[in-house]
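Visitor: Using only what follows, build the 3D model:
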Amino acid sequence: MKIASLNVGLPREVRWHGSVVTTGIFKEPVERRVALRILNLEGDGQADLTVHGGGYKAVYSYAVEHYAYWKKELGRELPMGMFGENFTTEGLLDSEVNLGDRFRVGSAEVVVTQPRLPCYKLGIRFGADDMVKRFLASGRTGFYLAVEREGEVGAGDEIAVIERDRCAVPVPAIVRLYVTKQYGAEELALAERVMEVDALPESWKSYFRERLLKNRV
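Guide: Residues are numbered from 1 along each chain as shown. Now for the predicted structure:
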């Protein structure tokens, strides 16, 4: 497993449907080594810090293997960083990653905190309003990482497993749980397990706590 492409970018203003929007979704590959800090990568930034960035979303990771699917779906070539990801990874698929898994990347250490739930700015990046819906439906969401130890990272760096989370909740499973309207026994059991993941932000736990209460009434 490794970083196939390291991508950063600062917020910029773009026109969308007649309005000016500030977004940090435009990321471009860099060849140099970059400092990875608690909140983000050197040279990277987010426009709306109420929903993007921060300790639980310091790095966004997306698998290069997903690009083949999207190239076929969209009928176009896609440059690295097209999905707004910082790490375009090789050999690290969503289905093989659990919430709370810890990895060593370069001289840094990171932990998986949550899947990505796309906002309308993904549509801006692709020039298509339906891209948000298609992205979520694809199950290829990627995931966010928190920084447990600061360090330096770069394209080509190995991604090594430090520890797999004991709750073993795969990233795609929590996405399905999030969008499922009615919980059965299987979903209830998974939601209970999700609540035990230390790395999952409280905002997610609060959401599932409410879902559990509603589905038990």
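
Visitor: E187 - how many residues pack around it?
Guide: E187: 17 surrounding residues under other Cβ atoms under 10 Å. For glycine as for every other residue, the C-beta is placed from the backbone atoms N, C-alpha and C.

Visitor: Which pLDDT value goes with it?
Guide: On pLDDT, E187 comes in at 93.

Visitor: Who are the packing partners of the one helix or strand it maps to?
Guide: Applying DSSP states H and E as the criterion places E187 in helix 185-194. On a contact count with 3 or more Cβ pairs under 8 Å, 6 or more residues apart in numbering; DSSP states H and E, helix 185-194 meets helix 171-179, helix 202-216.

Visitor: Tabulate the ones you listed in JSON lines, adding columns for mean pLDDT.
Guide: JSON lines is the format used below for the helices and strands packed on helix 185-194 (pLDDT from 0 to 100):
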{"stretch": "helix 171-179", "mean pLDDT": "94"}
{"stretch": "helix 202-216", "mean pLDDT": "89"}
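
Visitor: could you dump the ones you listed to a markdown table with distance to F126?
Guide: Formatted as a markdown table, these follow (distance: least, Cβ to Cβ, whole Å):
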| stretch | distance to F126 |
| --- | --- |
| helix 171-179 | 20 |
| helix 202-216 | 26 |
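
Visitor: per-domain residue ranges of the protein.
Guide: Taking automatic domain parsing as the criterion, the chain consists of the domains 2-165, 172-216.

Visitor: quick one: the closest residue in space to V110 that isn't next to it in sequence from A137, how far?
Guide: Once flanking residues are discounted, V110 sits nearest to L145: 4.1 Å by Cβ to Cβ, 6 or more residues apart in numbering. Distance from L145 to A137, counting by Cβ to Cβ, to the nearest Å: 24 Å.

Visitor: of these two, who's got more company?
Guide: Taking neighbours as other Cβ under 10 Å, L145 and A137 compare with L145 leading, 26 against 10.

Visitor: Touching, that one and A108? I think so.
Guide: No - contact criterion Cβ atoms under 8 Å: L145 and A108 do not qualify, at 9.5 Å.

Visitor: Take stretch 11-21, keep the C-alpha atoms, and write them as CSV.
Guide: Taking Å, rounded to 0.1, in the frame of the first residue of the first chain, the C-alpha atoms of stretch 11-21 are listed here in CSV:
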residue,chain,number,x,y,z
PRO,A,11,-9.4,27.7,-1.5
ARG,A,12,-10.3,29.6,-4.6
GLU,A,13,-13.4,31.4,-6.0
VAL,A,14,-15.3,29.9,-8.8
ARG,A,15,-18.6,30.7,-10.6
TRP,A,16,-21.4,28.2,-10.2
HIS,A,17,-25.0,28.7,-11.4
GLY,A,18,-24.5,32.5,-11.5
SER,A,19,-22.9,32.8,-8.0
VAL,A,20,-19.4,33.0,-6.8
VAL,A,21,-18.5,30.1,-4.5
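
Visitor: what's the neighbour count on L136?
Guide: For L136, the count of nearby residues is 18 (other Cβ under 10 Å).

Visitor: part of a helix, is it?
Guide: Yes - the assignment for L136 (DSSP: H, G, I helix; E, B strand; the rest coil) places it in a helix.
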